[in-house]
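Novice: Pasting a predicted model and its sequence here:
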Amino acid sequence: MAGLTRTAGAFAVTPHKISVCILLQLYAPSAQMSLPFPFSSISQHNRLGLYLLSLTKSCDDIFEPKLEDLINQLREVGEDMDAWLTDHLTNRFSSLTSPDDLLNFFNDMRGILGSLDSGAAQDDQIILDPNSNLGMFVRRCILAFNLLSFEGVCHLFTSIEVYCREAHSSSAQYDESNDNLESLIQHDQMDMEKYIMDKATEEIELQKNASGRVPFHLHTPEALFKVTEGLLVTRKEKSRTNTKKAEATQLACASSSTVDDTLVDESLFLRTNYQIQGFLMEQADAIETHGSSLSSSSIESFLQKLQNLAPELHRVHFLRYLNKLHSDDYFAALENLLRYFDYSAGTEGFDLVLPSTGCSMYGRYEIALLCLGMMHFRFGHPNLALEVLTEAVRVSQQHSNDTCLAYTLAAMSNLLSEMGIASTTSVLGSSYSPVTSTASLLSVQQRVYILLKESLRRADTLKLRRLVASNHLAMAKFELMHVQRPLLSFGPKASVRHKTCPVSVCKEIRLGAHLLSDFSAESSTMTIDGSLSSVWLKDLQKPWGQPVFSQESGSRKSSTFFQFCDHLVSIPGSVSQIIGASYLLRATSWELYGSAPMARINTLVYATLFGDSSSSSDAELAYLKLIQHLALYKGYKDAFAALKIAEEKFLTVSKSKILLLKLQLLHEHALHRGNLKLAQRMCNELGGLASTTMGVDMELKVEASLREARTLLAAKQYSQAANVAHSLFCTCHKFNLQIEKASVLLLLAEIHKKSGNAVLGLPYALASISFCQSFNLDLLKASATLTLAELWLGLGSNHAKRALDLLHGAFPMILGHGGLELRARAYVFEANCYLSDPSFSVSTDFDTVLDSLRQASEELQALEYHELAAEAFYLMAMVYDKVGQLEEREEAATLFKKHITALENPQDEEPKNMA
């Protein structure tokens, strides 16, 4: 409202805020007020307090509820005292007969605030702490009212009349209280509304003639409401035609989907700049959360209209930058990012703390460099991103902007961890002093460790809790993937322990999850939580059934109670995402350590508790882990069924995790069925998704090369498979991908085993076991031990006992945590060891061999692994033949022939579930 706002972004008194103040007088009446205490229990009083706390937190929302909506919410909250609350609210409004009554009202509001040095309060009087959330809201309202001019007070009074008149005319539930509301309509004779609107129009015209444009805080809401309403209609039409985007679209419009009724009357309130900023921040969170699943064209159309309405609202450029960033439009994203910082110098609503020294003359150049570096990082330009971030470090040091420096160091460590950069001496050696001193001696991993430690120290000093939590998770990932070595690893006291420490990983993850308890201490200049707390208010419109505490029986409804408690504390979305990421990191660590149940439990915890608030990328990762678990432990039928559901939920755009998982499952399934053409095609598609830039998409490139080597191995092209695996090992060594090196060494051992060169395969298997021991990769170590045992058996039957001892040593890990394929391999190899041992008598102990083969055959048929299943049935037929069970022998021989025929004549079609 123009008359209620002295400066853009200021806290303005509105009729809705006056309603909240009236309810606060009921919650904590002053000593001068003689109001009866209507609450029958302490819980009812606390419930009203929680409701008021949510109202005060949502006071800066772009849309404010009408009086009718507020009364409906009071009926949900007040239970048996709702009539008393609504009657007092309407009666209090009816007592405001002139602007002077507003002055008396806010003078009375001072009586509900206490002071630390006042001891005259009565024993049973409820006093609000001035520093509490409710007390701060009251103080802000009093201050905003005192800053109003006489015209502003008159305008506020007129707005109250319109506020009450609308509720009287639209709600049939107020027919019985017409006598109270008629007194509000009697003041139409003052005709203050016409006077104030004429005054506002005159002020707009004067400023328009002086500056050539209309100031944003004086814009009428009609055009803005039309833009917002058009966006809602567009998204609703989109959701009808494309069910894949329905859920993400509803989440993106959460801030405005429940306020359709407020769009009807377009002449109630004007919106402050601060409220518009909060709305835009909600949209930015939606874009960053759901990414490419949102409709880029509809968002761009809405932002273009909003920019035309308010050219001075520079944050629109930043939203257009985010929209183009997630749409993979490099040039448009770069253009909008430069426009944002050129027009606003990055000072409009950016969530970073200003440096301690006065450097406003420099603008936000270092923050612009940080954003530009992260943009290059996302588009796959690692060297350019590292150069820009290095410059951001220099400028941050020059301007003493410690906050930006902490974020930049974290971004650089993330860049060096994710991208494959073999050397940074030419780029990083001249800007950051802790690295410069030993630049020629440090590896990339050691620099990452130093950057993480320094960013963590600075973030902890500046009380940047979210950055501290993110750095702890990054440190846990670093501890998981790298063996820490001292910077000076020589001398008599040099450490000889070259292993990762799972305890350190667990400790860092726990420290990152502690953010939930102290996120409120974040020293940020702009924290918008009105939309977060308003979620609880919007849920009041839904039917709850029975009240929280049944007054008749005194029993507690558990489901309703937990639904109520779920919204008592509003957690920012960024905090929820960080805590959810800690559970995904837990799942990843348990996967590497070899505990499939723990990995699955942590993934399910994430999907259950943080699925709604997580980003689309993290949600895809959770689905990917669960589908991979199904493929490994249940077979491809269940995995492809779950994958079909995931494809309907997420958009399978280029390089999406769901698309990559689909190609991996199809490749694995084709290899098991012996369809080498389909496997090669899937492998080529997987490799084609990787970027051609050196060091970009390293994980995808390693995965594609591994599968290419396995395809060549299945085709019995051993020399080509060995060349691909050797080249991949050199790449992993160059970019220090230690865990991948263990898998490549195991693949080389498999190649030499199947080519008949068991002696050449032994060193590779032993080297893979050594890597697994260094990184605590227990399940991969068990698989490497199985391969080592197979190599020993390949040297001759006289090594059967040694091979069997190795297998039995790895059996607990394989049978307890291994997948279907690994367990089946172990069972078949155990039968081979028994049959190859000259001292083993098949006729006396044939059940031992048959039990292993039966277990293997069941699991291999679920996988459709024809080659290994044929071997199992072949051995089974041999055992039956030796013990004279002819019928069982013929049955096993028939199944052997079936699998051989299927292996020699593979089907080209994809699984039915993927059709």
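Specialist: Arrived safely, thanks for sending. Please read all numbers here as calculations on a predicted model, not as lab measurements.
Novice: quick one: the strands in the stretch 301-450 of the chain?
Specialist: Under the criterion DSSP state E, counting those that start in this stretch, the stretch 301-450 of the chain carries no strands.
Novice: how far away is Ala810 from Phe771?
Specialist: Counting by Cβ to Cβ, to the nearest Å, the gap between Ala810 and Phe771 amounts to 16 Å. Where C-beta positions appear, they are placed from N, C-alpha and C, glycine not excepted.
Novice: can you check Tyr633 too?
Specialist: 25 Å.
Novice: Neighbour count: these two, which is higher?
Specialist: The neighbour comparison of Tyr633 against Phe771 (other Cβ atoms under 10 Å) goes to Phe771, with 22 against 19.
Novice: before we move on, which element is that one in?
Specialist: Element membership for Phe771 (DSSP states H and E) is helix 758-775.
Novice: mind listing what's buried in that helix?
Specialist: 758, 760-762, 764-765, 767-769, 771-772, 774-775 (16 or more other Cβ atoms under 10 Å).
Novice: quick one: low-confidence ranges for the stretch 351-500 of the chain?
Specialist: 351-363, 420-442, 484-498 (pLDDT under 70).
Novice: actually the stretch 801-915 of the chain, sorry about that
Specialist: 908-915.
Novice: repeat for the stretch 201-350 of the chain
Specialist: If you take pLDDT under 70 as the line, the stretch 201-350 of the chain has these spans: 201-275, 291-293, 345-350.
Novice: Let's see that with 80 instead.
Specialist: 201-282, 284-286, 288-296, 309-313, 343-350 (pLDDT under 80).
Novice: before we move on, what about the stretch 601-750 of the chain?
Specialist: 611-615, 651-655, 691-696.
Novice: which stretches of the stretch 51-200 of the chain form helices?
Specialist: 67-78, 82-94, 99-109, 133-146, 150-170, 178-185, 192-211 (DSSP state H, counting those that start in this stretch).
Novice: quick one on the thing from earlier: quick one: mean pLDDT for the helix holding Phe771?
Specialist: Across helix 758-775, the average pLDDT comes to 93.
Novice: Taking their axis directions, the helix or strand following it and helix 758-775 sit at what angle?
Specialist: On the C-terminal side of helix 758-775, the closest following helix or strand by DSSP H and E is helix 778-794. Counting by axes from the mean of the first three to the mean of the last three Cα atoms, to 10 degrees, helix 778-794 points 160 degrees away from the direction of helix 758-775.
Novice: Summarise which helices and strands helix 778-794 is packed against.
Specialist: helix 738-754, helix 758-775, helix 800-817, helix 820-836 (3 or more Cβ pairs under 8 Å, 6 or more residues apart in numbering; DSSP states H and E).
Novice: can you list those in TSV and add distance to Leu55?
Specialist: Listed next are those as TSV, based on distance: least, Cβ to Cβ, whole Å:
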stretch	distance to Leu55
helix 738-754	52
helix 758-775	53
helix 800-817	51
helix 820-836	55
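Novice: can you tell which of these is closest to Leu651?
Specialist: helix 738-754 (28.7 Å; Cβ to Cβ).
Novice: Residues contacting the closest one, please?
Specialist: Helix 738-754 has contacts (Cβ atoms under 8 Å, 6 or more residues apart in numbering) with 481-483, 592, 702, 706, 709-710, 713, 716, 718, 721-722, 725-726, 728-729, 732-733, 758, 760-762, 764-765, 767-768, 771-772, 774-775, 777, 780, 783-784, 787-788, 790-791, 794.
Novice: quick revisit: tell me which of the helices and strands packed on helix 778-794 sits nearest to Glu904.
Specialist: helix 738-754 (18.2 Å).
Novice: Take the closest one, keep the C-alpha atoms, and write them as PDB.
Specialist: Provided in PDB are the C-alpha atoms of helix 738-754 (Å, rounded to 0.1, in the frame of the first residue of the first chain):
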ATOM      1  CA  GLN A 738      41.400 -44.900  -6.300                       C
ATOM      2  CA  ILE A 739      38.200 -46.900  -5.900                       C
ATOM      3  CA  GLU A 740      37.700 -47.200  -9.600                       C
ATOM      4  CA  LYS A 741      41.300 -48.500  -9.900                       C
ATOM      5  CA  ALA A 742      40.300 -51.400  -7.600                       C
ATOM      6  CA  SER A 743      37.500 -52.400  -9.900                       C
ATOM      7  CA  VAL A 744      39.600 -52.100 -13.100                       C
ATOM      8  CA  LEU A 745      42.300 -54.300 -11.500                       C
ATOM      9  CA  LEU A 746      39.700 -56.900 -10.700                       C
ATOM     10  CA  LEU A 747      38.400 -56.700 -14.300                       C
ATOM     11  CA  LEU A 748      42.000 -57.300 -15.600                       C
ATOM     12  CA  ALA A 749      42.200 -60.400 -13.400                       C
ATOM     13  CA  GLU A 750      38.800 -61.600 -14.800                       C
ATOM     14  CA  ILE A 751      40.100 -61.100 -18.400                       C
ATOM     15  CA  HIS A 752      43.200 -63.200 -17.800                       C
ATOM     16  CA  LYS A 753      41.200 -65.800 -16.000                       C
ATOM     17  CA  LYS A 754      38.800 -66.400 -18.900                       C
END
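Novice: now the angle between helix 778-794 and it, please.
Specialist: 20 degrees.
Novice: so what's Gln551 scoring on pLDDT?
Specialist: Gln551 is assigned 37 on the pLDDT scale.
Novice: My error: substitute Leu779 in the last question.
Specialist: Reading off the model, Leu779 has pLDDT 93.
Novice: From what I see, Leu584 and Thr603 are in contact.
Specialist: Yes. Taking Cβ atoms under 8 Å as the definition, Leu584 is a contact partner of Thr603 at 7.2 Å.
Novice: re earlier: just the C-alpha atoms of the helix holding Phe771, please, in PDB.
Specialist: Extracted in PDB, the C-alpha atoms of helix 758-775 (Å, rounded to 0.1, in the frame of the first residue of the first chain):
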ATOM      1  CA  ALA A 758      45.800 -67.700 -14.600                       C
ATOM      2  CA  VAL A 759      49.400 -66.800 -13.700                       C
ATOM      3  CA  LEU A 760      49.100 -63.400 -15.300                       C
ATOM      4  CA  GLY A 761      45.800 -62.700 -13.500                       C
ATOM      5  CA  LEU A 762      47.100 -63.400 -10.000                       C
ATOM      6  CA  PRO A 763      49.000 -60.100  -9.500                       C
ATOM      7  CA  TYR A 764      46.000 -58.100 -10.600                       C
ATOM      8  CA  ALA A 765      43.700 -59.900  -8.200                       C
ATOM      9  CA  LEU A 766      46.200 -59.400  -5.300                       C
ATOM     10  CA  ALA A 767      46.600 -55.700  -6.200                       C
ATOM     11  CA  SER A 768      42.800 -55.300  -6.200                       C
ATOM     12  CA  ILE A 769      42.600 -56.900  -2.800                       C
ATOM     13  CA  SER A 770      45.200 -54.500  -1.500                       C
ATOM     14  CA  PHE A 771      43.200 -51.500  -2.800                       C
ATOM     15  CA  CYS A 772      40.100 -52.900  -1.200                       C
ATOM     16  CA  GLN A 773      41.900 -53.200   2.200                       C
ATOM     17  CA  SER A 774      43.100 -49.600   2.000                       C
ATOM     18  CA  PHE A 775      39.600 -48.300   1.400                       C
END
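Novice: Show the contacting residues for Pro15.
Specialist: Neighbours of Pro15 in contact, by Cβ under 8 Å, 6+ apart: 67, 156, 159-160, 163-164.
Novice: For the residue lying closest to it once chain neighbours are set aside, which residues are in contact?
Specialist: Nearest in space to Pro15, with sequence neighbours left out and distances taken as Cβ to Cβ, 6 or more residues apart in numbering, is Tyr163 at 3.7 Å. Tyr163 sits next to 15-16, 66-67, 268 when contact means Cβ under 8 Å, 6+ apart.
Novice: Leu480 now?
Specialist: By Cβ under 8 Å, 6+ apart, the contact set of Leu480 is 500, 505, 585, 588-589, 592.
Novice: Go through stretch 576-583 and flag the buried ones.
Specialist: In stretch 576-583, counting by 16+ other Cβ under 10 Å, buried: 576-583.
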